[in-house]
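>>> when you get a sec, could you give me coordinates for this:
(chains A and B)
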Number of protein chains: 2
Amino acid sequence: MQTSQRPRVLIIGGGFGGLEAAKALAKAPVDITLVDKTNHHLFQPLLYQVATAGLAAPAIAAPIRSLFRQQNNLTTLLSEVTNIDARENRVLLSDGSTLMYDHLVVAAGATHSYFGHDEWAVHAPGLKTLEDAFEIRRRLLFAFESAEKEPDPEKRKDWLTLCVIGAGPTGVEMAGAFAEIARQTLIGEFRRINPRDARILLIEGGPRVLQAMPETLSAKALSQLQALGVEVRLNAIVTSIDAQGLQVRGPAPAGVLGTVDYTIASKCVVWAAGVAASPLGANIAQNTDCSLDRAGRVLVNPDMSVPGFAQISVIGDLAAVFTHVPGKAPVPVPGVSPGAKQMGHLAAANILKRIQGQPTQAFRYADYGNLATIGHNSAVVDLSTPFGPLRFSQRLAWWFWLLAHIYFLIGFRNRLVVLMDWAMAYSSFSRNARVVAGTLYKKEHVGES
Amino acid sequence: MQTSQRPRVLIIGGGFGGLEAAKALAKAPVDITLVDKTNHHLFQPLLYQVATAGLAAPAIAAPIRSLFRQQNNLTTLLSEVTNIDARENRVLLSDGSTLMYDHLVVAAGATHSYFGHDEWAVHAPGLKTLEDAFEIRRRLLFAFESAEKEPDPEKRKDWLTLCVIGAGPTGVEMAGAFAEIARQTLIGEFRRINPRDARILLIEGGPRVLQAMPETLSAKALSQLQALGVEVRLNAIVTSIDAQGLQVRGPAPAGVLGTVDYTIASKCVVWAAGVAASPLGANIAQNTDCSLDRAGRVLVNPDMSVPGFAQISVIGDLAAVFTHVPGKAPVPVPGVSPGAKQMGHLAAANILKRIQGQPTQAFRYADYGNLATIGHNSAVVDLSTPFGPLRFSQRLAWWFWLLAHIYFLIGFRNRLVVLMDWAMAYSSFSRNARVVAGTLYKKEHVGES
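Numbering: from 1, shown residues only, chains lettered A, B, ... in the order given. Coordinates of the predicted model:
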């Protein structure tokens, strides 16, 4: 039990931002409570590897509680915050109890957005949680299983048409992994179908893949995807999704002007197109009268606090923040893990400054660049260096990506296991986590209900 | 596509028995179809490690399809058999299609039995599938999480009372692992509770633990369990289970004669007491008029075939079979993986004999002994050697158990990963798979529906 004479810091969310804020306060004279609705911190940049059967879940997830075993000023609670009572400095938990705070850091992250079409979710799962990853793994692997059983060649094609919607980093990674599974991993294992017959479509509403990257790297990523056998459809808008597949509005075939509407029959569709802030954003707006951006993120002050509520900071994917470099126009901070970590660090520092009665600091994003992987030996890297941008792709970029991700698998005892799983997968194209709990039938029934 | 001039062998179930039968026919001039309702072979002796967060699921499960990649005479199908039409030599699958066979091997295994109290299942999950293991992992880890949040000391005790019903190998392994988690793994991670305060009860209806073992080893296992802090209740019959805990009828306290009824308040109960044959046993009995034993297993001929249906063999946990040693009384074969493998091998050999018009062979069980683990450095081993039984316990037995299990993790690329996970867990008592997909609330809601 802790005495409550010390300021109480409440952190909502154990993602990159929340974790960093908590660690930055490790030696501070405060009592921290970290609330998360799951029991683990998730290394989200590798979640697509769990979804595509390359890694087991525990390889990229660690109990939050065990990460903070040594930090005696921190209590971990498995719970969900349902309301932030900003004027009373307390939050309501889903079990009906309340928690008081002196300083609050809201790092509740983001979820997928179906742009007002929530009915698409059941046909096209997104990728944010381990449950999402298991569901995508199940649909992907069972699509090939169902094709093997299907006597009708037309229906078999529907099972073997795999669609990824959205060509940001996650969509590109998934499409690349889908292609490798079809062209490499599964080869020789089926008797009636040829997994190579699978079509992998990557459907993007914008004019290029990886739009956060420079155009030259987008072009390289596109050609690497095509080399893997992914059909990339650019400027193609998904207008409807159901159990049979997609409706798309996109460019007409070569030689024809204008756009056409067409159908893609597909039994395995993954959503990587839209991100929306956690519903806690709307809750904060309601309770503090702050503003939200179009994605539902809280428009915070430069020091990460909510306007009018200095004791509340919002960080990570839930915050809309601009980086302020003297003499330059403010630039929006991208929703990537280095950004979340830096915000977490600043929020913690500003809590200490407030406790000490000092003025707070404004956020300044240190941009180290951007990278995305497509498949084995296939990636693009755009580094920001003091000497200007450094851009490279393919094999060298892939090794850079791999080493960077293993390095950043923070605080995990199983870093070595991940390395080994990858070493094995890399040498053989096998995938070690091609395991689906449950049967085809039970799960389909659940999906229907 | 295969020509169908060759005899068609259908194998139902990809456990130890089915796998062995399929492998034994690798070079035979037959066309094999192996049907399983999951996509993986499960190394069931280590399933309790997945349930107790020691191993990730993919470490002990491998896609059946990939195990048979090289075996060109075999087709794997993910499907569930719902009826065996023995007189027409065909089976019905759950998608409504049928499969014809010339020879059928039924290796559908066993499930848990609640002795007519199926309503207990929701309060006390058993351990047969990966889904079961995830559910037990969730209940175990979330019991400590819920205790940490619970302000009422009495209710907190209920969360920290963990019950295992049945002291066979699985129950002993789970109780031992529960004790190590409470006394070692979680130490220092909670701020309001002390995980050491958890009580672990192992409740057994019979007079000793590990009743398949010699009495001396049962006694050693009992004292090793007690050394780990497990309260073992022998001759204690569970008469009721609900959301609040158990009703038990057992020996009165020391000094008092007779039995007493008492309640154990517990929020985490695991069932390891009863095993029932797969429902396909009853289906076979209905379609062939064969007899079942009390556990629902098919009473097969000495050559593993169903009486009157030479083309159908039943093996593994679904078969009630006796080992016939000339000059001795028949001995029932225990439901362990070496037994299943030996039956699978014989069933395959007898199929070839039938094809060649030769007489079939009777099953003769080669008993290599019995072993069970309790915790780190804690196990009992009873080996059958040509020179008589060899019995040992504790540290040596544990190493023997460990090496034997790693050796038998058949055909898995990830044997090394298991070894490493264990090496790490052994040196530190940490557990690498303490990850629960989903939140406390969502899952509880599902449990209620």
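>>> averaged pLDDT, stretch A:406-415. What do you get?
Average pLDDT, stretch A:406-415: 61.
>>> all helices for chain A, in order.
Per DSSP state H, chain A carries helices over the ranges A:16-24, A:47-51, A:64-67, A:130-149, A:153-159, A:169-180, A:215-227, A:280-288, A:337-355, A:394-408, A:415-428, A:440-448.
>>> show me what A:H40 is bridged to.
A:P63 (DSSP bridges).
>>> so it sits right up against A:A61, yeah?
Yes - at 4.1 Å, A:H40 and A:A61 qualify as touching, with contact defined as CB atoms under 8 Å. Where you see a C-beta, it was placed from the backbone N, CA and C, and this is true even at glycine.
>>> buried stuff in stretch A:21-33?
A:21-25, A:28, A:30-33 (16 or more other CB atoms under 10 Å in any protein chain shown).
>>> what average pLDDT does it get?
Rounded mean pLDDT across stretch A:21-33 is 97.
>>> ok so, going back, any idea which of the helices of chain A has the lowest pLDDT on average?
helix A:440-448 (a mean of 43).
>>> residues of the stretch 1-150 of chain A that sit close to chain B?
Proximity of the stretch 1-150 of chain A to chain B is confined to A:1-2, A:37-40, A:56-59, A:61-63, A:65-66, A:68-70, A:74-80, A:94-95, A:97, A:129-131, A:134, A:141-142, A:145-146, A:148-149 under the rule CB under 8 Å from any CB of the partner chain.
>>> what's the PyMOL line that selects buried ones from the residues you listed?
Selecting the buried subset of these in PyMOL, with 16+ other CB under 10 Å as the burial test, is done by:
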select buried, chain A and resi 37+38+39+40+56+57+58+59+61+62+63+65+66+68+69+74+75+76+77+78+79+80+129+130+131+134+141+142+145+146+148+149
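>>> rewinding a little: give me the common contacts of A:H40 and A:A61.
Residues touching both A:H40 and A:A61 (CB atoms under 8 Å, 6 or more residues apart in numbering or on different chains): A:130, B:435.
>>> for chain B, what's the nearest residue on the stretch 201-350 of chain A?
A:S278 (13.1 Å; CB to the nearest CB).
>>> how many other residues sit next to that residue?
Using other CB atoms under 10 Å in any protein chain shown, A:S278 is surrounded by 24 other residues.
>>> contacts only, for it.
Neighbours of A:S278 in contact, by CB under 8 Å, 6+ apart: A:108-111, A:296, A:317-318.
>>> as CSV, these with pLDDT and neighbour count would be great.
Putting these into CSV (pLDDT from 0 to 100; neighbours: other CB atoms under 10 Å in any protein chain shown) gives the following:
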residue, pLDDT, neighbour count
A:A108, 97, 28
A:G109, 96, 25
A:A110, 94, 20
A:T111, 91, 17
A:G296, 95, 20
A:D317, 96, 30
A:L318, 97, 30
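>>> what is the burial count for A:T288?
By other CB under 10 Å, neighbour count at A:T288 equals 18.
>>> who's in contact with it?
Counted by CB under 8 Å, 6+ apart, A:T288 has contacts A:86, A:306-309, A:312.
>>> equivalent analysis for A:K341, please.
Counted by CB under 8 Å, 6+ apart, A:K341 has contacts A:16-17, A:19-20.
>>> re earlier: nearest to A:F400 among the contacts of A:S278?
Using CB to CB, A:D317 comes nearest to A:F400 of those, at 24.5 Å.
>>> okay, now the domains of chain A?
A:8-37+A:79-113+A:275-355, A:118-273+A:370-448 (automatic domain parsing).
>>> was I right to think A:P45 contacts A:H405?
Yes - in this structure, A:P45 is within contact of A:H405 by CB under 8 Å, at 6.1 Å.
>>> looking at the two, which has the bigger crowd around it?
A:P45 (22 against 18).
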